[in-house]
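> what's the 3D shape of this:
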Amino acid sequence: MQIYNTLSRQKEKFKPLKQNEVKVYFCWPTPYNYAHIWNLKTYIVEDYIIKTLKFMWYKVKTVMNITDIDDKTIRDSQKAWENLIDYTKKYTNYFLKDLDKLNITLADEIVPISNLIDEMVLMINWLIKKWYAYLAEDQSVYYEIKKFKKYWKLAHLNFSWMKHSVRINNDEYDKENAADFVLWKAWRKEDWENFWMWEFLFWEKKVTLKWRPGWHIECSACNMKYFWEQIDIHMGWVDNIFPHHENEIAQSEAYFWKSFSKYWIHSGHITVDWKKMAKSANNFYTIKDLEEKFIDIPKSILYRAIRLSFMNAKYKESVDFSFEKLNQNFNNIKKIDESLKKLNNFIKLNSKKQDNKKTVRKDFREDMQNFIKDYIEKLEDDFNMPEVFSIFFQFITYTNTQLNNKELSLSEANSLLDMFKTFNEVLSLIDFDILWDTLIPKNILEKLELRNKAKKDKNFDLADSLRYEILKMWYKIIDDRNETRLEKIIK
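Residues are numbered from 1 along each chain as shown. Predicted coordinates for the structure are as follows:
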């Protein structure tokens, strides 16, 4: 398997620190509002990368943090006149529901940083002892970046121009403002009751500080608690590279004196109709916004189409989102469903026949082997999803062709169904619940029988009238080449 490593800026052969075991960490949300589609694109990328690793038989352990303490969560909880922890729990729950809608598997450990205070204090006290951190006049604790000689290796920036002893208290900033960054923020009156009292040791003098944590230390502390000194893969979106991930490396490697993460994977930006996404541009969307806009689209189709919209592209490249593309993906999802239902119906019909004893044809077997071989090759090529989807939709076409082939056997049909399941281990786009039969009411079956007779008698007005009556009862008539059947409409 080849992975593009942000650290080296090139593809590398993937070799975990420990054979077949992969430790993965990713930065997840700050729960002060609903997750927007930019967030969701990153989480979808991280999801299919982890599912690919599992598909390749790696034993994967995943940890994600929840940044429930920072400038934005404190600010907005105060505006809402809510307790910080209660406020962030509310939006964390909304976020987790969004992940479920998009078929994103939750991490093994989901850790609010408010549960990592002990670990952060332990790490900061050690950094102070080893002269990587210091107490400033504003009573905040800062990391002195000139002490870490490799403070540049992830962002690939030259910091020789930087003025030393300049400090920055903000968690988020750009490279032009690079400076010593805050680890522990001194309490301010606008923080209200959101502070912790803790004892730190500065040059053998104990100082009790009234503080709250900075952003960057939380991820180092979280990794220390669950993975200790090293991890295999660290993921996030491209804007995390600097300063957040650069600062994580500085903290963790100063603490452990070992390389922090072997591979760094970053998801690219998104635009909306080729414009930067922003609330001021009225192109800033959440799942809730899309649910309201596409209220007539069945939720199962909507969520899978959103997922598809952010999967069918190379993860590290910019992706453009538009309603036109989303509508196209509604149709793509429907095509997948129709092919699957048609295949399932073939299996049901032929499983009842006693004479269906056809063997698997040699050319069919070779075709299936080629599909899975090509699929794995593209996944192993740095998760090349455009090529993966090319193979997947070729398989959909192949399935439909085979279903129209009078030579298709029951064994071969079951092989096609198994291949759908194999694809879905990574893609998570197929809703197999649509295959479960529901008991069709007797009066609807009677209307179908009357409609079929009217069609046979060439009484097309009556046939169309009965079709419409059945449609109003939330069933649609499917006229296949070999039969006519009813299918329940998903509301």
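> got a list of what Ser339 touches?
396, 399-400 (CB atoms under 8 Å, 6 or more residues apart in numbering). Placement of C-beta: from N, CA and C, glycine included.
> Just the buried residues of those.
Neighbour-count burial (16 or more other CB atoms under 10 Å) is assigned, among these, to 396, 399.
> Pick the one among the contacts of Ser339 closest to Lys153.
Distances from Lys153 to these, taken as CB to CB, are shortest for Ile396 (44.0 Å).
> In which helix or strand does the closest one reside?
helix 385-403 (DSSP states H and E).
> CA atoms only for that helix, dumped as CSV, please.
The C-alpha atoms that make up helix 385-403 are tabulated as CSV, following Å, rounded to 0.1, in the frame of the first residue of the first chain:
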residue,chain,number,x,y,z
MET,A,385,-11.3,6.9,-5.0
PRO,A,386,-12.0,8.2,-8.6
GLU,A,387,-10.5,5.0,-10.0
VAL,A,388,-12.2,2.9,-7.3
PHE,A,389,-15.6,4.4,-8.3
SER,A,390,-14.8,3.8,-12.0
ILE,A,391,-14.4,0.1,-11.2
PHE,A,392,-17.5,0.1,-9.0
PHE,A,393,-19.8,1.6,-11.7
GLN,A,394,-18.3,-0.7,-14.3
PHE,A,395,-19.4,-3.5,-12.0
ILE,A,396,-22.9,-2.0,-11.8
THR,A,397,-23.1,-2.1,-15.6
TYR,A,398,-21.7,-5.6,-15.7
THR,A,399,-24.3,-6.8,-13.1
ASN,A,400,-27.2,-5.3,-15.2
THR,A,401,-25.8,-7.0,-18.3
GLN,A,402,-25.5,-10.3,-16.6
LEU,A,403,-29.1,-10.1,-15.3
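> List the residues that contact Thr73.
Taking CB under 8 Å, 6+ apart, we find Thr73 in contact with 30-32, 67, 84, 87-88.
> Can you tell me which of those residues is closest to Asn247?
Ranked by distance to Asn247 (CB to CB), those are led by Thr67 at 13.9 Å.
> Which residue is the nearest non-sequential neighbour of that closest one?
Nearest residue to Thr67, sequence neighbours excluded (CB to CB, 6 or more residues apart in numbering): Thr30, at 4.3 Å.
> For Thr105, see how far away the one you found is.
Separation of Thr30 from Thr105 (CB to CB, to the nearest Å): 21 Å.
> Just want to know which of those two has more residues nearby.
Comparing Thr30 with Thr105 by neighbour count (other CB atoms under 10 Å), the higher total belongs to Thr30, at 24 against 15.
> quick one: what helix or strand has that one in it?
Using DSSP H and E, Thr30 sits in no helix or strand.
> OK, contacts around it?
Taking CB under 8 Å, 6+ apart, we find Thr30 in contact with 67-68, 70, 72-73.
> do the same with Asn103
Counted by CB under 8 Å, 6+ apart, Asn103 has contacts 47, 303-304, 307, 428-429.
> where do the helices sit along this structure?
With DSSP state H as the criterion, the chain has helices at 37-55, 71-79, 84-101, 117-129, 216-227, 246-256, 287-293, 299-311, 323-351, 362-380, 385-403, 410-427, 442-456, 460-472.
> Need the mean per-residue confidence for the fifth one.
Read it as helix 216-227. Helix 216-227 shows a mean pLDDT of 96.
> Go ahead and measure how far that helix is from the middle of the chain.
Relative to its chain's centre, helix 216-227 lies at 21 Å (CA atoms, centre = their mean, to the nearest Å).
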